[in-house]
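Enquirer: Fold the following and give me the result.
(2 chains)
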Amino acid sequence: MHRVLNVAEKNDAAKSLARLLSKNSASMREGFSRFNKIYEFNYQLFNQPAQMIFTSVSGHIMNSDFTAAHNSWAQVDPVVLFDAPVQKKITDRAADIEKTIKREIIKCQTLIIWTDCDREGENIGYEIINLCRPLKTGLKIYRARFSEITYDSAVRALLNLIQPDERISAAVDVRQELDLRIGAAFTRFQTLRLQRLFGFDSKQIISYGSCQFPTLGFIVERYLQRENFIREPFWKIIVEHQIENNQFCEFTWERNRLFEHQPCLMIYDMIMDEPLAKVIDIKSKNKSKWRPTALDTVEMEKLASRKLRMTGKKTMDIAEKLYMKGLISYPRTETNIFPSEINLHPLIQNQINDQRWGAFAQRVLNDGPRPRNGKNTDKAHPPIHPIRYPDGQLTDEENKLYELIVRHFLACVSKDAQGDETIIKINISNEIFHASGLIIRERNYLDVYIYDKWSEKELPHYELNQTFYPTKIEMIQGETSPPQLLTEADLIALMEKHGIGTDATHAEHIAKIQERLYTKMNSDRRFEPEKLGLGLCEGYDKMGHALSKPHLRSELENQLKAICEGRANPADVLREQIDKYRQVFIVTAAQIQKLDDAMTKYFGPPGQNPPPPPPPRPPPSGPFGDRTNRNQPPSERTNSLNRPLQVSRNNNNNQSARPQQLNRPARPLQQEQIRPTNNNNVPKCNCNVDAKELTVKKDGPNKGRSFFRCGNNDNCNFFAWKDNTTSTSTYVGNNQRQYGDNQPNTTRQRRQSDNDEDGKQRKCGLCKQTGHTRRNCPSLNL
DNA sequence: GCAAGGTC
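Expert: Okay, the predicted model is just below:
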């Protein structure tokens, strides 16, 4: 009989495929590897009966390495590693698998490759082919292409067998060889040098890898952004309305905030002249809060990190255990679309007896499950979902992750939450403020998905065109705050965005750079670089090769894609990349002093052993504590600059009466206000007396900076930085500020941060709208 | 002793 050897990427896939195609009649026997069984059944293939033999590998069975001649770190110049011979060998772990395949192929006339239909899968396929082909002349070789492991897919694959794609496999060979050569050369070079000069332990490897270094680079970059952040003051106006029956409404300024004190004060002053508010718009609309999309690996890692405080590595380890126990589907998947073939009902049915979510599962069954799908598929695995309900004890951590997966799954197949949102806009002296409220109508998925919050906010009743006097109108000052250090979820998202690593390896790279002592997770579960990580990044950055940046890897990724699509020749790409990196290596070695200098900064001069501790780094903090960056949602903490201006209502219908104004600020003097009025450059305040010069005493970037306030016992709200008052004054504060062109440094900082990498249009410095600059900002035409 | 990629 025609015998066909079918080889899948892992035992689980071989088992499922055999079970599906045989309609549960496949027999099982042992191979040499206790993890990779052999499944057999008869099948009608190519219109003739065939004996199908299914077995598997466990991912790659081969590994690339240098030959023994280049193994010595001490005797081989690392630059030689760019050209030294590299050989692929069956790994020790795969020796048993190799024996099984070699024994089985002898009996067969046909080989069908069932590895995952991705780039690595194609390469693993060739590892199998190269093992089998020499053993059997005339062996027919096919590739089964399938998008998921279901009966229909498997049958379709057998009816449409194709040839394996050599180009895809070649792309992986290029990646492997480059990773090895570059990683080994730089790792040996920097490890030996830094051990010798800075006294690192001979066991401490200071590795370089094309994924681990950009990962470290993300952490260092964010850390430095935070260290170098210059806080900017801003001003905003808030409006409150307290109604008699204890109802209260706070209105937000449509301009959000201004980064200049004077325009804000001018607007505030105008508002205070005519503080009558008029309701100009009331909009109510349905609002949905979407249920989560089907769960893929990256999302699971991010969620577990955020909600369960579990590291990516831990998450994957536990997921692996749950998978091995048959509780969840395969945990390494890029797919967030449930294939139409998958029957969700029994999967939901499994959960209906659980105390915590059983009732919800029943509700989903009654309503009919409707998964919310994402947009990705790896054509190999379904989204992560529960397979069965645990019958034994799970550890605490297993329980937590299983719960997350079940709740996510049930949420995904249920319904979006529904609410009614109301937005009320008011106009006060042509300035617009708004308030929004929310009433949740149907919680739906929120009932099971305890990780999402949607808070209700009730608004008082307002009528269109109604007028009222706010009970409080206040101008307050706040300050921008530096971006936060990266969480693991942030880091994984960045890696994914820049194509660093794969869904299966993100967590490993993050674990690796901690093991290497380049970075650590602090008590807030955020990553901060260690001095070794800082020194490495700084040293290499000074050389200008961007080795700690993601671009090199992204660029390689593009070339690999070109190889896969036949647009590039693998040998050309390999040669070009090796030449490029050899050159980078040579230049790096030539200017290695730059790395030494950076390391010296953190570990003291070479030759000292053990290295001295680095100077202490004070954590960035300011008078307003940690807050979001100003590009992030405005949850800023503020302090009151002007005395709260209480506007009291003195009649009952919220209308007509003019508020009693207390402590009303004097009208600003506009430009005159900041004109120096004597030889000492002391301006007049709004009371027309010499302003009082003060110095910022609070810790923060403005500490030590001089400013002017009202010289008349704080009677007015005058404020000006001393270094903004004259064209000749030069301010040199702490080392974060140094400028002599009379441009407030804050402006420069803002430009940098506004010029974001997505190339969005620059916003006006005053009102933060696009389409004009601060010079012709409409807010100045008051 | 080095990388990154599969997987158990």
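Enquirer: Right, and DNA strand B sits closest to which residue of the stretch 551-700 of chain A?
Expert: A:R553 (8.0 Å; CB to the nearest atom of the strand). Just so you know, the C-beta spots here come from the backbone N, C-alpha and C atoms, and that holds for glycine as well.
Enquirer: Might one say that that residue is in contact with A:H498?
Expert: Yes. Checked against CB atoms under 8 Å, the pair A:R553 and A:H498 is within contact range at 7.2 Å.
Enquirer: who has more neighbours, the two?
Expert: Set A:R553 next to A:H498 and count neighbours by other CB atoms under 10 Å: A:R553 wins out with 21 against 18.
Enquirer: Surely the more buried one is in a strand?
Expert: No. Using DSSP: H, G, I helix; E, B strand; the rest coil, the assignment for A:R553 is helix, not a strand.
Enquirer: what residues are shared contacts of A:R553 and A:H498?
Expert: Common neighbours of A:R553 and A:H498, using CB atoms under 8 Å, 6 or more residues apart in numbering, are A:P214.
Enquirer: any idea how far the most centrally placed residue in chain A is from A:R306?
Expert: In chain A, the centroid-proximal residue (CA atoms, centre = their mean) is A:A493; its distance is 2.6 Å. From A:A493 over to A:R306 the distance is 11 Å, taken as CB to CB, to the nearest Å.
Enquirer: And A:R582, by the same measure?
Expert: Counting by CB to CB, the gap from A:R582 to A:R306 is 42 Å.
Enquirer: between the two, which one's more packed in?
Expert: A:R582 (18 against 15).
Enquirer: Can you name the residues that contact that one?
Expert: When contacts are counted by CB under 8 Å, 6+ apart, A:R582 touches A:79, A:82-83.
Enquirer: for the residue in the stretch 201-350 of chain A that DNA strand B sits nearest to, helix, strand, or coil?
Expert: Proximity of the stretch 201-350 of chain A to DNA strand B (CB to the nearest atom of the strand) peaks at A:G209, 2.0 Å away. Here A:G209 is recorded as coil under three-state DSSP.
Enquirer: Share the number of residues neighbouring it, please.
Expert: With other CB under 10 Å as criterion, A:G209 counts 21.
Enquirer: and what of A:P482?
Expert: Counted with other CB under 10 Å, residues neighbouring A:P482 total 21.
Enquirer: Can you show me the helices along the stretch 201-350 of chain A?
Expert: A:212-227, A:261-273, A:297-307, A:312-324, A:344-349 (DSSP state H, counting those that start in this stretch).
Enquirer: mean pLDDT for the ones you listed: which is lowest?
Expert: Lowest mean pLDDT within the helices of the stretch 201-350 of chain A: helix A:312-324, a mean of 89.
Enquirer: list the buried ones in that helix?
Expert: Buried residues in helix A:312-324, counting neighbours by 16 or more other CB atoms under 10 Å, are found at A:312-316, A:318-319, A:321-323.
Enquirer: Report the distance from that helix to the chain centre.
Expert: Its chain's average C-alpha position is 21 Å from that of helix A:312-324, according to CA atoms, centre = their mean, to the nearest Å.
Enquirer: Next: stretch A:419-430.
Expert: So, by CA atoms, centre = their mean, the centroid of stretch A:419-430 is 34 Å from its chain's centroid.
Enquirer: Just give the nearest non-adjacent residue to A:V413, would you?
Expert: Leaving aside its sequence neighbours, A:V413 sits nearest to A:P369 (CB to CB, 6 or more residues apart in numbering; 3.8 Å).
Enquirer: For the one you found, grab the count of nearby residues.
Expert: Neighbours of A:P369 (other CB under 10 Å): 19.
Enquirer: cool, and A:A84?
Expert: 17.
Enquirer: Repeat that for A:H345.
Expert: A:H345: 12 surrounding residues under other CB under 10 Å.
Enquirer: Now do the closest residue to A:F82 other than its chain neighbours against A:T487, distance only.
Expert: Distance criterion CB to CB, 6+ apart; nearest residue to A:F82, sequence neighbours excluded, is A:R582 at 4.2 Å. Using CB to CB, A:R582 is found at 37 Å from A:T487.
Enquirer: related to what we said a few turns ago, can you tell me which of the contacts of A:R582 has the most neighbours?
Expert: Highest neighbour count within the contacts of A:R582, by other CB under 10 Å: A:F82, with 19 neighbours.
Enquirer: measure it to A:L560 for me?
Expert: A:F82 sits 19 Å away from A:L560, going by CB to CB.
Enquirer: one step back: quick one, which of the helices of the stretch 201-350 of chain A is nearest to A:D572?
Expert: For the helices of the stretch 201-350 of chain A, the distance to A:D572 is smallest for helix A:212-227, at 24.5 Å, taking CB to CB.
Enquirer: chain center to that closest one, what's the gap?
Expert: Relative to the centre of its chain, helix A:212-227 is centred 13 Å away, using CA atoms, centre = their mean.
Enquirer: Also stretch A:483-493?
Expert: 6 Å.
Enquirer: List the contacts of it.
Expert: A:215, A:218-219, A:222-223, A:225-226, A:229, A:298, A:301-303, A:305-306, A:311-312, A:494, A:506-507, A:510, A:521-522, A:524-528, A:626, A:628-629, A:632.
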